[in-house]
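# Quick one, fold the following:
(2 chains)
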There are 2 protein chains.
Amino acid sequence: MFYSRYFIPTVKEIPSDAEVISHQLMLRSGMIRKLAAGIYNYLPMGLRSIRKFEAIVREEMNRAGAIEMLMPSVQPAELWQESGRWQFYGKELLRFKDRKDNDFCMGPTHEEVITDMVRREIKSYRQMPLNFYQIQTKFRDEIRPRFGLMRGREFIMKDAYSFDVDSSAADSSYEKMYQAYHRIFERCGLNFRAVEADTGSIGGSSSHEFMVLADSGEDAIVSCNTCRYAANVEKAEARNVQSAAKAEQLPLQKTATPEMKTITDVANFLRMSADKTIKTLVYSSSAGEHVMALLRGDHDLNEIKLKNHLSWDEIEMATETDIQKITGSPVGFLGPVGLKQKVTVIADLAVQGMINVVIGANEKDMHFTNANLERDFAPDRFVDIRNVVTGDACPRCDSGKLEMWRGIEVGHVFKLGTKYSKALNATYLDADGKEQVIFMGCYGIGIGRTVAAAIEQNHDENGIIFPLPIAPFHCAVVALNTKDSGVMAAAEDMYKKLESSGIEVLFDDRDERPGVKFKDNDLIGIPLRIVVGSKGLAEGKVEVKIRATGEVQLLPIEDAVEHICKMVATALGSSK
Amino acid sequence: MFYSRYFIPTVKEIPSDAEVISHQLMLRSGMIRKLAAGIYNYLPMGLRSIRKFEAIVREEMNRAGAIEMLMPSVQPAELWQESGRWQFYGKELLRFKDRKDNDFCMGPTHEEVITDMVRREIKSYRQMPLNFYQIQTKFRDEIRPRFGLMRGREFIMKDAYSFDVDSSAADSSYEKMYQAYHRIFERCGLNFRAVEADTGSIGGSSSHEFMVLADSGEDAIVSCNTCRYAANVEKAEARNVQSAAKAEQLPLQKTATPEMKTITDVANFLRMSADKTIKTLVYSSSAGEHVMALLRGDHDLNEIKLKNHLSWDEIEMATETDIQKITGSPVGFLGPVGLKQKVTVIADLAVQGMINVVIGANEKDMHFTNANLERDFAPDRFVDIRNVVTGDACPRCDSGKLEMWRGIEVGHVFKLGTKYSKALNATYLDADGKEQVIFMGCYGIGIGRTVAAAIEQNHDENGIIFPLPIAPFHCAVVALNTKDSGVMAAAEDMYKKLESSGIEVLFDDRDERPGVKFKDNDLIGIPLRIVVGSKGLAEGKVEVKIRATGEVQLLPIEDAVEHICKMVATALGSSK
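Below is the predicted model of the structure:
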């Protein structure tokens, strides 16, 4: 590609509305432009990266036996009403009416559509296993679209759906996808981890997320330093460790803690560490139910664990008014002792081993000290409802400790069981002619998000450092002085030879100063750069630079093509 | 691809809701399935054909210097308000609000979005010419979606937009696309024609449609039997031919024509041919204006010509009430003589040469005979407002006559001029530093519709006869008896050898009777078929059949791969 005939609108300034580095660099390198909140134009360079990644995804999906098809964006409401998600999905589901006043939505995911297709076409156990995938544009009306392609509203996704005769066959389909996902992200040259995850609004029995590791990642993930356990913090299990020694229970005391509303304030005021205090929170369901949660003062509530335990559709902090009704106290001094109104009290597992604790007295500016379980308060049950923290014991092995990482979710695989097939009545006849419900799995990869995550993980102060397999071009050929016809001829010759060897080349033929060209090529992150200049040419040499390492080599001009071909083959091959 | 592990749900019965053959065959061959009116799932075989065609389009667009990018489906209302189309586009534009109550639409086309991108990025004449294209999913809320992919609501389109410094540079961009479109449809092996066309709601100064010829085509097109003139009937110009001899004007007579309401009835009743009568029609604009149109009795009004002449946004037949007000007469007896209310009267050019005509008397059951221009009635102006008919004189050359064809519009190229760039203020600085408005062109190809049109043009009673360049697979290898391990081994060996030679092969390894396999392979239209059976194998031979011609050859098994490779290369190469 001739740079001068292409369209790479690079920008020097850091765009003011871009918070994360990948968003900044994708704008600055001319990969994307915003059309509306969370809705982007993919400019030529952005699209090239996306297509490169799509091709890897497609190859690995095909290799794993998945079959490509394409479903529509616009979906009829009836199917979503059948699955129950028309109500449940919330405002992320963009709904509208067509000209004939029929209800439709923009597909945020395709379980309903594919299950509907399958129930019409699949009649017999002989027709399974089947796994359909598509690479398709989805829409989710995010309340806070941000970070460029990382959390957009319109976005490209690879989604796959497997259909099996029973749970164990479905497990085997799941395992195939799990392995394919490993190959996909390995081939992209990304540092990633597969972690256990919550199933969220998709549902199902269990799931794994694929996380690209990056300090700026939105997700916190943990892994064991000893065994293979790894999970999203949303899902990571806390091990039930009771304190070993039991101290003597001291008498309950009411203590004035004026204006001390936070755990930190109270602990500092009483000169004790936060882990000797209990944090009391009140939550509400959308149906108006309430629950009180007790946590060790230095722990954080995991709302997803609490929500899943209660089987609530949604969960939110109770209002001040509701809290006042239940406890008789303003926020900041809440506790489980002396409640005005009956409420279920759920204590975190870690509360079980605590003794002589500080706890709110349900009275303004007052806390109890030396409160004790059973004697002073009795939770209805003990449940794992907290976020794990660094150093927690591993829930799976005996010696491991948990470590924390930041990650960007780029893929998610789900065992769906019969959630959708039951709702939509997708059944088949087994070998005995008996009707059975189909078992499903679903498997997503955020295409644009993976490219953004790759940049988040691979960049420096000069710009993007693309892993070669998903770089828009493998190589740039930079003609140093375009007014020197010898340089231009040699550079164009090099460009053509590389192209005909199957290398994707951006030929920087622009009439610009070398500094401008080098800056642009660094910014857009082309992995390999060949500089053709008059000085080198006089010696029969060109300069080859590796973007990732900064390594520079002077090569005889006649060896350059073969050298580049080898480097590209290695980068592609090692990850195949 | 192993047939048994793929998904080709063929159907024997002709689906009751499919009117045209391509729709029937795409359903029957398992290429598509309907999700909602005008909204389809592309099943694996359908998607393969579509992807094959997309690849040809992409290659030719790149070859012509167009740059690929990708724009969103969801577009903000502001841009459409700026261009004025938010009002003008009508109900085909699907509008909705997002969760924050902002107005959006599903993009039916992308002039606004690309022009907005370009006005932000293009500042100088040095940055042009530019031509951006995308292959993208569009939505048009058709009032009567039908014919499968031929007139869907959600559909895949290639759209391109060129940006130039002036009209003559824009013409050259247009010419490049015109040539690229020729190459694209030639490479697909389709019988097509480029015709002059009306610009419709896209606008601009002139346009060509690319029509795949097929008897079932929705569009009527004409071409000259002598020169290169060809046009859509909507657009085709009638040559102004006055009748040579002038007869004597006879006295006007009022004649009873009881219950004779149509031209045919009146002409029969009065024992004269329809071309001696004048047809009177009354039309209304959406703003409530009226116009009376006069046509020779055997001619049909071309509403688009009339609408364009009047510069009306929309045009429709006047209501009976309005007609009564204007003429004082019920429909069936209308004429331009003795109107109750002033109305503009436009006569078709062909009316100019008529003498002693029959015309409605604006009175129930009455017509005038021997009415004459000027003496009895005087139209405000004479305009070409009729559809041309077979045998009309060519408007371009002196000796040619027009012939009629049926066609399916698969591509459309437009010279837009400055319609959108002016509305959206897309300007650049010329070499003198003066601000100038950018000249645009836009260029569309219906991807799914082209595949459907190819089928409409190429099929027989057994099913689809795909042109090889857009067939889902080049070749099928049919193992005759899957229980014969020798046959299966030889067939699989053939399949693998073909695949590793770059041939796309569907390996029919199903445990089905030969008749079932042959029927399915004919239905899905694979161009080449190799049958491996025990009888042939005993003689060291396989059978090769060409779907299009029915030609069958027995080939030595060791020659078959090379033979197939040559046939595929010829089919692909001849159209490259």
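
# Would you pull up the residue in the stretch 151-300 of chain A closest to chain B?
Residue nearest to chain B within the stretch 151-300 of chain A (C-beta to the nearest C-beta): residue A:154, separated by 4.9 Å. Where you see a C-beta, it was placed from the backbone N, CA and C, and this is true even at glycine.

# That residue and residue A:175, how far apart?
Taking C-beta to C-beta, to the nearest Å as the criterion, residue A:154 is separated from residue A:175 by 32 Å.

# Which one of the two is surrounded by more residues?
Legend: neighbour count by other C-beta atoms under 10 Å in any protein chain shown for residue A:154 and residue A:175, higher for residue A:154 (23 against 12).

# dump the residue contacts of the more buried one.
Residue A:154 makes contact with A:38-40, A:137-139, B:72-74, according to C-beta atoms under 8 Å, 6 or more residues apart in numbering or on different chains.

# give me that answer again for 7 Å
For residue A:154, the contact set (C-beta atoms under 7 Å, 6 or more residues apart in numbering or on different chains) comprises A:39, A:137, A:139, B:72-74.

# For residue A:446, state which of these is nearest.
Among these, residue A:137 lies closest to residue A:446 (C-beta to C-beta), at 11.9 Å.

# Which helix or strand contains the closest one?
strand A:130-139 (DSSP states H and E).

# Tell me the residues on the stretch 51-200 of chain A that lie near chain B, please.
Within the stretch 51-200 of chain A, the positions lying close to chain B (C-beta under 7 Å from any C-beta of the partner chain) are A:65, A:67-74, A:76, A:91, A:94, A:96, A:98-99, A:113, A:117, A:121, A:130, A:137, A:139, A:141, A:143, A:154.

# buried subset of these?
In terms of neighbour count (16 or more other C-beta atoms under 10 Å in any protein chain shown), the buried residues within these are A:67-74, A:76, A:94, A:96, A:98, A:113, A:117, A:130, A:137, A:139, A:141, A:154.

# ok, residue A:189 touching residue A:467?
Yes: using C-beta atoms under 7 Å, residue A:189 makes contact with residue A:467 at a distance of 3.5 Å.

# how much space between the residue of the stretch 151-300 of chain A closest to chain B and residue A:352?
In this view, residue A:154 and residue A:352 are 47 Å apart by C-beta to C-beta.

# now do residue A:547
Residue A:547 is 54 Å from residue A:352, where distance means C-beta to C-beta.

# Between those two, which is the more surrounded one?
Each of residue A:547 and residue A:352 has its neighbours counted (other C-beta under 10 Å); residue A:547 has more, 24 against 15.

# Residue A:494 belongs to a strand?
No: using DSSP: H, G, I helix; E, B strand; the rest coil, the assignment for residue A:494 is helix, not a strand.

# so what's residue A:368 bridging to?
Counting by DSSP bridges, residue A:368 forms beta bridges with residue A:254, residue A:359.

# same check, this time on residue A:137
Beta-bridge partners recorded for residue A:137 (DSSP bridges): residue A:156.

# Hmm, residue A:74 and it touching each other?
No: counting by C-beta under 7 Å, residue A:137 stays clear of residue A:74, with 11.1 Å between them.

# Could I get the buried residue list for stretch A:183-203?
Under the neighbour-count criterion of 16+ other C-beta under 10 Å, stretch A:183-203 has A:183-190, A:192-199, A:202-203 buried.

# okay, now residue A:384: neighbour count?
18.
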